[in-house]
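[1] predicted structure and sequence below. I'll ask about it afterward.
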Amino acid sequence: MTVPNERLDQEQRRVDGVTGLIRERLDGLRDQLGSLREDIVDIRRNFWDDVTVNFEDAAESAETHASMKQQAEVLSERERSHRHAEEQLRTLLKLEHSPYFGRIDMTEDGQTKTESIYLGVGSLLDENGYDYLVYDWRAPVSSLYYDFGPGPVQYETPSGVVSGEMTLKRQYIIRGGRIVSMFDTGVTIGDELLQEVLGKQSDAQMRSIVATIQREQNRIIRNERARLLIVQGAAGSGKTSAALQRVAYLLYRYRGILTAEQIVLFSPNPMFNSYVATVLPELGEQNMQQTTYQQYLEHRLGRTFSLEDPYTQMEYTLSAAGEDGYGTRISSITYKSGLPFLNVIDRYAAMLGHSGLLFKPVKFKGRTLIAASAISEYFYMLDRSVSIGNRMRLTAEWMLKRLTSLSKEEREQQWVQDQIELLDPETYAHAFEELKRKNRFSGESFDDFDAEKDFLAAMVVQEQFKKLRKRVKRLTFLNVPSIYKRLFGDRSLLSEYEAGSELRLPDDWREICALTVEKLERGEILYEDATPYLYLKEKLEGFQTNTSVKHLFIDEAQDYSPFQYHYLKRIFPNCKMTVLGDLNQSIFAHAVAGDGFEPLSALYGEEETEKIVLTKSYRSTRPIVAFTSRMIEGGDRIEPFNRDGAEPTITAVENDERRMLAIGGRIESLQQAGYASIAVICKTAEESARTFEALQPKAPHLRLIEKETVTFEKGLAVIPSYLAKGVEFDAVVIADASRHAYGKESERKLFYTACTRAMHELHLFYTDRLTHFVEA
Ligand SMILES: Nc1ncnc2c1ncn2[C@@H]1O[C@H](COP(=O)(O)OP(=O)(O)OP(=O)(O)O)[C@@H](O)[C@H]1O
């Protein structure tokens, strides 16, 4: 509902008043910052002039220290004030052009006065420093704006629930200090504003949605109870947006307790990181830590193996059907992603607690110092009720002691004498100083030949043994790669498993074993093996948990396997998890075969888990949502946001050459229509490369997005379907929607994911027959 003009004038006067005050504050702050900066520079420059330095006796030294401390405190106080003023400046700069976006009028129960509450991206107090002219959108009272329409309302504060009556809910679009438009709305935050926001062209970066957060999204953003919050949301329903605003909310709510470094977001690919990178800074917060699961695996695996990445796995599953061993590979992926395999590893680890661990000897200059059998003997002599990880630590301690006594014996070896003779004068002098420092020698030179010899020998050996000690501390004497390989290579183990009643092994387990062993022997590890390998490693070495991370966000959660979730839970024991996904976009073979989010719900138990379902889709126009939701089961439950647009088009062409010509023509017309981001989505990387080559001569600005691409840019791009996850484009061209490209049932969700990337226009091209995923 649009608001009458006189009210508009009145509101504009308030905006003027507020922006006037903001500008005054900005001027004041700039002055304050200037003088603080001068102070700081001055103190730093003259630090020593203002400190009386005297170390003559204890009393003078103490005074010197006190004076230095005082000076340092003055400096750090000034620096703190400077940081604080800078923060305020940033908030005010954000508010200057658009001080607020919403207003609610509310009368608290038992009160007669109605209060007007204005919401913005930061808070602003009046001159007295008492009343809020603008409330931060994350303040407790602001939740009213997102949760209710006019009528009875309530919100939670740290000191209890406050209830009352809302008499007005108004939205503003303010640009450059002028109210551009203004509406009064009901429960949902008005269609008008959303229409305006969603109708715009896409950006190279995701935008913040604070002005138009929807009620169900607000439940995600402000959820504080759940240990595990699962969000199942349709394509374009705002899962990623809600996740990012939730980070901002948590940083505000737990200011001083929670920092951005304690929040980790697992994103689908490196390009996605760049896509979302500006949202938090736009809201005045620092970015959380961002990583991909692959980067995390690489970090944990170090250089032990060459690790296959999920995209290589994906390319294989999409394009190698019919090749020898394809079925085995798919079965390997499916099985190793599930909890039955986790049970196998648990069982294996338990067995290893009794026997069968493989150790590597500690060798030095070709000689064995500690034999593998000795390590094994010591390990298995330890009390079996102690965990394997702790026994491993005890074994390492024993080995370090052994090395200490072995190092004494080593001093007699000829190589030590040889090396002493080759010592350069500098090292020699250094050794002498060292000896003197330790008070073991008081003369001006080495005149005791034996003392000199002993000391130098000890020094030489110690230096060489340093590396050995380091390796022992890192438990490299435990041969995890061979232990993992044995799980697949040892026939006797297999029969023990099969005898184990509750363990399920797939029918083609032997083939899976052969495939796995072959890879491991080549120093390679398949993507589906990486997490089980690390899980086993951590079980044997003791889990290296990360206790500093307090919140874990997992976007595109459907792409993670149950095994991976269990692993993450073990690695991050102290954190809450928010996982956001869409089962209809499960594109990985392991996920396709999974049972939805069921295994995930069991991770922390029902008590600590909450699930929120988002069914409204905001990204695409109504015709696009209507078109794409027909492709998937339960698609009728997806509600499009009411935004009109052109119907998707389907174009049949005679052959591939014509297809490229037709796509080229379409791109041209989309560019002429003014669309800034256009994606030609192909099924695989290989098809993308071919398409790129065919189109590029006529479209010189065309980019090819590959798995290594790290920045998301506006413009025209060819992109493989699975890399388009999580991002969006003004217009999408599906390069080949033929049945031979998307024919298998397992590719349905991939096709759906590709089509749902479109905001305003969607165009499909095919030769021969159209994929049956599109209803004629
Ligand atoms: N409340 C909202 N107000 C304004 N825009 C919104 C809102 N919710 C979502 N959007 C917009 O809808 C689009 C899709 O949002 P987002 O990418 O967060 O969805 P998603 O659920 O993560 O999608 P997908 O699973 O398909 O990747 C974005 O352009 C986002 O800005």
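    Alright, I've got the coordinates.

[2] can you give me the strands in the stretch 451-600 of the chain?
    524-525, 551-555, 576-581 (DSSP state E, counting those that start in this stretch).

[3] could I get those strands as a markdown table with mean neighbour count?
    All C-beta spots, glycine's among them, are computed from the backbone N, C-alpha and C. Shown next, in a markdown table, are the strands of the stretch 451-600 of the chain (neighbours: other Cβ atoms under 10 Å):
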| stretch | mean neighbour count |
| --- | --- |
| strand 524-525 | 18 |
| strand 551-555 | 23 |
| strand 576-581 | 24 |
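
[4] closest one to T114 among those strands?
    T114 lies closest to strand 576-581 among the strands of the stretch 451-600 of the chain, at 36.3 Å (Cβ to Cβ).

[5] near the ligand at all, the closest one?
    No: contact of strand 576-581 with the ligand (Cβ under 6 Å from any ligand atom) is absent, the minimum separation being 6.7 Å.

[6] and if you look at stretch 211-222?
    Yes: using Cβ under 6 Å from any ligand atom, stretch 211-222 comes into contact with the ligand via T212, I213, Q214, Q217.

[7] just the C-alpha atoms of that stretch, please, in CSV.
    Once non-C-alpha atoms are left out, stretch 211-222 reads as follows in CSV (Å, rounded to 0.1, in the frame of the first residue of the first chain):
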residue,chain,number,x,y,z
ALA,A,211,15.7,-5.1,4.3
THR,A,212,13.6,-8.0,2.9
ILE,A,213,14.3,-11.0,5.1
GLN,A,214,11.3,-13.3,5.1
ARG,A,215,9.8,-14.7,8.2
GLU,A,216,11.0,-18.3,7.7
GLN,A,217,14.4,-17.0,6.7
ASN,A,218,14.4,-15.1,10.0
ARG,A,219,13.9,-18.3,11.9
ILE,A,220,17.1,-19.6,10.4
ILE,A,221,19.0,-16.4,11.0
ARG,A,222,18.1,-16.0,14.7
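
[8] can you map out the helices along the stretch 101-250 of the chain?
    In the stretch 101-250 of the chain, the helices defined using DSSP state H, counting those that start in this stretch lie at 143-147, 191-199, 215-221, 239-253.

[9] average pLDDT for the second one?
    Spelled out, it's helix 191-199. Mean pLDDT, helix 191-199: 72.

[10] can you check the last one too?
    Mean per-residue pLDDT for helix 239-253: 94.

[11] after that helix comes which helix or strand?
    strand 263-266 (DSSP states H and E).

[12] which strands and helices lie in contact with that following strand?
    helix 239-253, strand 289-291, strand 551-555 (3 or more Cβ pairs under 8 Å, 6 or more residues apart in numbering; DSSP states H and E).

[13] can you list the domains in this protein?
    Split into domains by automatic domain parsing, the chain comes to 1-187, 362-473, 633-767.

[14] tell me the contacts of G284?
    Shown in contact with G284 (Cβ atoms under 8 Å, 6 or more residues apart in numbering): E87, R90, T91, K94, V121, G122.

[15] quick check: buried residues in stretch 668-685?
    670-671, 675-685 (16 or more other Cβ atoms under 10 Å).

[16] what's the answer for stretch 107-124, then?
    I117, Y118, L119, G120, V121, G122, S123, L124.

[17] ok, and what's touching it?
    Residues contacting stretch 107-124 (Cβ under 8 Å, 6+ apart): 18, 21-22, 91-92, 94-95, 98-106, 132-137, 139, 141-142, 144-145, 162-165, 167-168, 208, 210, 283-284.

[18] near the ligand, which residues of the stretch 501-650 of the chain?
    Counting by Cβ under 6 Å from any ligand atom, the stretch 501-650 of the chain sits next to the ligand at D582, Y618, R619.

[19] for the residue of the stretch 151-300 of the chain found nearest the ligand, grab phi and psi.
    Here the stretch 151-300 of the chain gets closest to the ligand at one residue, G238, 2.9 Å apart by Cβ to the nearest ligand atom. Backbone torsions of G238, given as degrees, to the nearest 10, read phi 90, psi 30.

[20] a markdown table please, covering the strands of the stretch 451-600 of the chain and showing distance to F588 and mean pLDDT.
    Compiled in a markdown table, these are given as follows (distance: least, Cβ to Cβ, whole Å; pLDDT from 0 to 100):
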| stretch | distance to F588 | mean pLDDT |
| --- | --- | --- |
| strand 524-525 | 17 | 94 |
| strand 551-555 | 14 | 95 |
| strand 576-581 | 12 | 94 |
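
[21] N655: neighbouring residues, count only.
    9 (other Cβ atoms under 10 Å).

[22] residue contacts, the closest residue to it other than its chain neighbours?
    Once flanking residues are discounted, N655 sits nearest to T767: 5.9 Å by Cβ to Cβ, 6 or more residues apart in numbering. T767 makes contact with A652, V653, E654, N655, D656, R658, R659, D736, S738, according to Cβ under 8 Å, 6+ apart.
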